[in-house]
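> This is a predicted model, with the sequence first.
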Amino acid sequence: MTPLNRRETLALTTTGALLAASASRAASAVPDAPAPPRSRILLDGGWRFHLGHAADVERDFGFGRDQRTYAKVGVTAPATLAKFDDSAWTQVRVPHDWATDLPYAPPTAPPAKDRADAHAAHGFKAIGRDFPQNSIGWYRLALPVGPADRGLRVRLEFDGVFRDARVFVNGYEVAENASGYAPFGIDITDFLNPDSPNQLALRVDASLGEGWFYEGAGIYRHVWLVKHGPVHIPQWGVAVRGDVDATGALVQVETEVTAVQDRAADVLVRHRLLAPSGTVSAETTTSALSVAGHATASAIATLRVATPQLWSIETPQLYRCVTELLVDGAVVDRVETPFGIRTIRFDPARGFFLNGAPVKLLGTCNHQDHAGVGSAIPDRLHAWRIEQLQSMGSNAWRSAHNPPAEALLDLCDAKGMLMIDEVRLNSTSAEGLDEMTRMVRRDRNHPCIIAWSVGNEEPQQGTQRGAHISAEMRRRILALDPTRPITQAFDNAFDTGASRVVDVIGFNYRTDQIPAFHAKFPDQPIMGTETGSTVATRGAYFNDAAAHVVRAYDTEHPWWATTAEEWWKIADANPYVAGGFIWTGFDYRGEPTPYSRWPSVSSYFGALDLCGFPKDNYFYYRAWWRRSEPLVHLLPHWTWPGREGQPIEIWAYGNGDEIELLVNGRSVGRKPLERNGHCAWTVPYAPGRIEAIGYAKGRRVARDRRETTGPAVAVRLVADRMRIAADGRDLAILTAQIVDRAGRIVPDAADAVNIDPGAGLRLLGVGNGDPTCILPDHASTRPAFHGLMQAIVQSDGRAGAIQAGASAPGLRGDAITLVAL
């Protein structure tokens, strides 16, 4: 077997390390230490699923049959009990999004003129109050708890369930959680049977949404079962802060200790800081902490790291804080907390600084949604999406408009992607503050996070009420984490209301108003929280409203937005603008702008489409966000049968001084390239070849070409990597390309491609990036869209060589061999 190259090694390491890092929050980092009674088990397999019914008690498995549903505990519904027969239910793995399997529901009549079509906002999926038969989902899982766990406390930790989740253990309703984005945990010890099976059940109600975009439905993020002793560190009970000074770094660790027992406990809290290499950088033990029975106490320790390795975009160095609790000399709990040492600040005159150096925020806004899987994005797919954006030059991610998955944050830490972490509710209600508190407690140790966002285009943003709400949220966040500023995204009222109480003002669009705002408020840090918003159909270069096609030049955008070139020129020219976050990095289902009507089922905003295939605007950002690396990108393609002699608009992106265009070997002009601009020509179409050559200081530094293709003759199958971990979770991204005899992608090819994942892989889903495609995600066949389709295949746990294949009627197929290690 050939050795792994560096890229494959890093990919495998990152994927495996992610779950290892999550599990290690309960595991030992010190090989010789005895294992304390704590474990953290990922509950990803063995689930059963069935749709319920929001308006039919019998089809909802008896839940809410009469007024006595909550008369006594433990008898809410038959489906919550271990003895219930779920053999006819579907076997699923978590993360799981049942909405991806639902049919589309085209509107039966035009929506009212005074409101947007709510179904369009969620991608026309048949879910919500109008579809009670599709809006309730039931999950069941036998819990791995037995006699060996006597004396331990047992918890369930959910990172996200959409939405309105009721959690049952052995028939007892143990928790209810409203928001689909707020993580939550439950101590289920009192409801377990030590000597008989233990049944977990969830009833999830997605009848109501929280956003104006596709949100999925179900247990779409990770679930963990945590076991520990009665004296333990509670969920999110360790907060690590590093302050860098001239002599190194001072690391403060605050630890909560809970004693779920009748007697008090005298506890020693011991910390070891492990450097990125694994060596011990510092250690300390606190004096005895007395914790009353059934109470929680806190201990604060400080440790000095003499020569800290700073976390940065280029070198995302991660330390680990191993925290142990000792009672009578024995370790009774151990938790490992990854963290980074770095400094951040927003300067009103010079923008954002990381570790004392100015860094322009080259950001994208993103929802949690991808072709083939919906909102149930596996960890490796999260990683791949980060990698696609980083290859464009992006260094920052705004989680819009809700707290992100913890898995995504772990990966941003590991890969050096900055993050704006955003609440779902701009509210001081008990629910809103509780969701916010859970977000901050869960996320405050992540070095990738550079700001907390308390709202987005809120109705009350310009009012006194809005100012009071955001100020109170800011006060409470800073009490939990005083190390990061508070921001909020505004689309108006930039000089009043809540804008005057946050630390960093976020401009949603209106980039041209930023210079005047800065002149009026020179002491206010500024960033663009939503910028750009060019809409485009990948691979299309002529508008066709009837077919819902938008040309992929940087010219089309909604009335409230600008082109990529317009906003970036302003942001780049003014150092006081910390940077910006384009709307969006990826297309997403729902909010189908510019065509908010059937059959557009996804947005057109992304620099990459729903599959992560780059659109042409991707290369504009790639040119100017990675300007030290020469680039020329030419558009459109050069296969236009029937348009011979007609004028074709040609653009070239680049980052040199000049670009020259050649048509069939003849130069048609060499033009100067304006900083952050592009070059354009219009020429009559003639089959053959167009070529762009980029120059810097008179030297050729880059080139790109487009050739007229022949008819499609074959499918070419490629993978993002050829080796994956045989862990049942890792995956590969397959791209099927429709090519001509010379191996060139045929730009208008729409052949139906069938994917055979081979023995050893699960086919998670397929896509093609077409915003009007209404075919099932969970299928083995999908037509190519402008010559491309995508399939996501996942390890099923078996090791060895696996042959995956692609075929299409009338074309030569292809196969590749993946190795699962």
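Yes, it's here.

> where does this protein have low pLDDT?
Residue ranges of the chain with pLDDT under 70: 1-35, 109-116.

> so the nearest residue to A749 once chain neighbours are set aside is in which element?
Spatial nearest neighbour of A749, chain neighbours left out: I738 (3.6 Å); criterion: C-beta to C-beta, 6 or more residues apart in numbering. Where you see a C-beta, it was placed from the backbone N, CA and C, and this is true even at glycine. Using DSSP states H and E, I738 maps to strand 731-739.

> What helices and strands are in contact with that strand?
On a contact count with 3 or more C-beta pairs under 8 Å, 6 or more residues apart in numbering; DSSP states H and E, strand 731-739 meets helix 379-392, strand 714-719, strand 752-756, strand 788-795, strand 800-807, strand 814-820.

> Using CSV, list the CA coordinates for that strand.
C-alpha atoms of strand 731-739 as CSV (Å, rounded to 0.1, in the frame of the first residue of the first chain):
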residue,chain,number,x,y,z
LEU,A,731,-16.5,10.1,4.2
ALA,A,732,-15.4,11.1,0.8
ILE,A,733,-16.9,13.6,-1.6
LEU,A,734,-17.3,12.2,-5.1
THR,A,735,-17.7,14.3,-8.2
ALA,A,736,-19.0,12.9,-11.5
GLN,A,737,-17.9,14.9,-14.5
ILE,A,738,-19.4,14.5,-17.9
VAL,A,739,-16.5,14.7,-20.4
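
> That one to strand 714-719, inter-axis angle?
On the basis of axes from the mean of the first three to the mean of the last three C-alpha atoms, to 10 degrees, strand 731-739 is oriented at 160 degrees to strand 714-719.

> Next, the buried residues of strand 731-739.
L731, A732, I733, L734, T735, A736, Q737, I738, V739 (16 or more other C-beta atoms under 10 Å).

> Contact partners for the third one?
Contact partners of I733, counting by C-beta atoms under 8 Å, 6 or more residues apart in numbering, are L381, W384, G612, A719, D720, Q790, A791, I792.

> Quick check: bridge partners of it?
Beta-bridge pairing of I733 under DSSP bridges involves I792.

> how much space is there between it and A383?
For I733, the distance to A383 equals 10 Å [C-beta to C-beta, to the nearest Å].

> now R744, nearest residue through space, not along the chain?
Per C-beta to C-beta, 6+ apart, closest to R744 is T709, 4.7 Å.

> Over to that neighbour: give its phi and psi.
Phi and psi for T709, reported as degrees, to the nearest 10, are phi -90, psi 160.

> how deep is it tucked in, by neighbour count?
23 (other C-beta atoms under 10 Å).

> these two touch, right, it and V746?
Yes. With contacts counted by C-beta atoms under 8 Å, T709 reaches V746, the gap being 5.0 Å.

> Return every residue with contacts to both of those two.
Joint contacts of T709 and V746 (C-beta under 8 Å, 6+ apart) are T639, D740.

> ok, back up a step: starting at the chain centroid, how far to the strand holding I738?
Offset of strand 731-739 from its chain centre (C-alpha atoms, centre = their mean, to the nearest Å): 22 Å.

> now that strand against strand 752-756, angle please.
140 degrees.

> Could you tell me the angle between strand 731-739 and strand 788-795?
150 degrees.

> Compute the inter-axis angle for strand 731-739 and strand 800-807.
Using the same axes, to 10 degrees: strand 731-739 against strand 800-807 is 30 degrees.

> need the strands for the stretch 301-450 of the chain, in chain order.
Across the stretch 301-450 of the chain, reading from the start of the chain, the strands by DSSP state E, counting those that start in this stretch fall at 319-327, 330-339, 344-347, 351-354, 357-358, 361-366, 396-399, 418-422, 449-456.

> can you redo the ones you listed as CSV with mean neighbour count?
Putting the strands of the stretch 301-450 of the chain into CSV (neighbours: other C-beta atoms under 10 Å) gives the following:
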stretch, mean neighbour count
strand 319-327, 23
strand 330-339, 21
strand 344-347, 16
strand 351-354, 20
strand 357-358, 10
strand 361-366, 27
strand 396-399, 27
strand 418-422, 25
strand 449-456, 26
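
> now for those, which one comes closest to G45?
strand 330-339 (24.2 Å; C-beta to C-beta).
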